[in-house]
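Peer 1: the following block contains a protein sequence and its predicted model.
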Amino acid sequence: MAGAVWAAGMSPACDLCSEAAVFLDRVRGRHLCGHHLILDVEERVRSTLGEYRLILPGDRIAVALSGGKDSTALLHLLGKIAPSLQGITLSAITVDEGIAGYREATLRVARDMAAAMDLEHRVISFEELAGSTLDSMVRRGEDHPCSLCGILRMKALRVAAEERGATAIATGHNLNDEAQTVVMNCLRGDLRGFTRPPVMGPGGGGMRRIKPLFRIPEKEVALYGMLTGIFRELPECPYAGSALRTEARRILDRLEYLCPGTLARVVEGQEEVSAIWGGMPGGVRAPE
Ligand code: SF4
């Protein structure tokens, strides 16, 4: 765990005001109250958007809204930021993989949130895209549901985003997700994956895929969701987590606890590698 969170009545004061702190940022060595944590997360996302030019004037951004903590936080945040950007429109896409006992609850959250924000919301299912639910594929012997799910979900997002004339797809990947992916690519010897930039800036043509939360640790995204009132307890996917991702997560969480800042350094290091290898901005150009 990178940060510490306290129960009410036990916490020290915020370093920026006299309110009780809800969070200790161990990387920057400061306590933050709920109000300042919200401002801090929003400011860091704004700065990521500006630094990488992730959002361009007139962009039509399709937000991948699973209904989970990351995607709901992302949509909430972009909804707050969008009015200050030039001519940005937001819409939401939810992919229904067809996972019984899991997807129904998150779909409800996604529908409610899109309706509350008055956004166009497209639900696209694996059944519609591939003629079968993920559950049926697993019943027929699919051994790696997460790998297949990842490929089909990206395809579904692309199809739905193209239908809407979107210029970019925004996903809710956070810092922990990105660091885990870097480690997994190393362990698999996946050079192409390892040199792929964590975010796509402008250029490269076609629809961009952007990750505005990629510098925000998972704990802070979850706290942001709780403090802004959008966080919902949801069931976990029954196929959750490949063995490799679970192991990468375990190792990185331990290292982050022992050495705060490890997650950020892993992602920053990968950014440098992808830049040196010609992947920034706009695409992967690993040597053949
Ligand atoms: Fe798909 Fe795996 Fe995520 Fe479940 S845990 S939604 S199967 S990627």
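Peer 2: Now that the structure is in, tell me what you want to look at. Numbers count the residues shown, from 1 in each chain.
Peer 1: give me the phi and psi for residue 58.
Peer 2: Note on residue 58: backbone dihedrals following degrees, to the nearest 10 are phi 80, psi 0.
Peer 1: test my guess that it contacts residue 165.
Peer 2: No. In this structure, residue 58 is not within contact of residue 165 by C-beta atoms under 8 Å, at 11.5 Å. Just so you know, the C-beta spots here come from the backbone N, C-alpha and C atoms, and that holds for glycine as well.
Peer 1: now residue 75: which helix or strand?
Peer 2: helix 69-81 (DSSP states H and E).
Peer 1: can I get the helix or strand just after that helix as CSV, trimmed to CA atoms?
Peer 2: Sequence-wise, the next helix or strand downstream of helix 69-81 (DSSP H and E) is strand 89-96. Only the C-alpha atoms of strand 89-96 are listed here, as CSV (Å, rounded to 0.1, in the frame of the first residue of the first chain):
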residue,chain,number,x,y,z
THR,A,89,-18.0,16.1,-26.1
LEU,A,90,-18.2,13.0,-23.9
SER,A,91,-20.1,9.8,-24.4
ALA,A,92,-20.0,6.5,-22.6
ILE,A,93,-19.6,2.9,-23.8
THR,A,94,-20.1,-0.1,-21.7
VAL,A,95,-19.1,-3.6,-22.8
ASP,A,96,-21.3,-6.4,-21.6
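Peer 1: wait, does strand 89-96 contact the ligand?
Peer 2: No. Strand 89-96 lies out of reach of the ligand by C-beta under 6 Å from any ligand atom, never closer than 8.7 Å.
Peer 1: burial measure for residue 123, as a count.
Peer 2: Applying other C-beta atoms under 10 Å, we find 17 residues neighbouring residue 123.
Peer 1: likewise residue 86?
Peer 2: Neighbour number of residue 86 under other C-beta under 10 Å is 10.
Peer 1: what about the closest residue to residue 26 other than its chain neighbours, which SS state?
Peer 2: Among residues not flanking residue 26 along the chain, residue 260 sits closest, at 4.0 Å (C-beta to C-beta, 6 or more residues apart in numbering). Here residue 260 is recorded as coil under DSSP: H, G, I helix; E, B strand; the rest coil.
Peer 1: now do the one 4 residues further on
Peer 2: Reduced to three states with three-state DSSP, the structure at residue 264 is helix.
Peer 1: now it: closest residue in space that isn't a chain neighbour?
Peer 2: With C-beta to C-beta, 6+ apart, the residue lying closest to residue 264 is residue 175, at 6.4 Å.
Peer 1: now swap in residue 16 and tell me
Peer 2: That would be residue 36: by C-beta to C-beta, 6+ apart, it lies 4.7 Å from residue 16.
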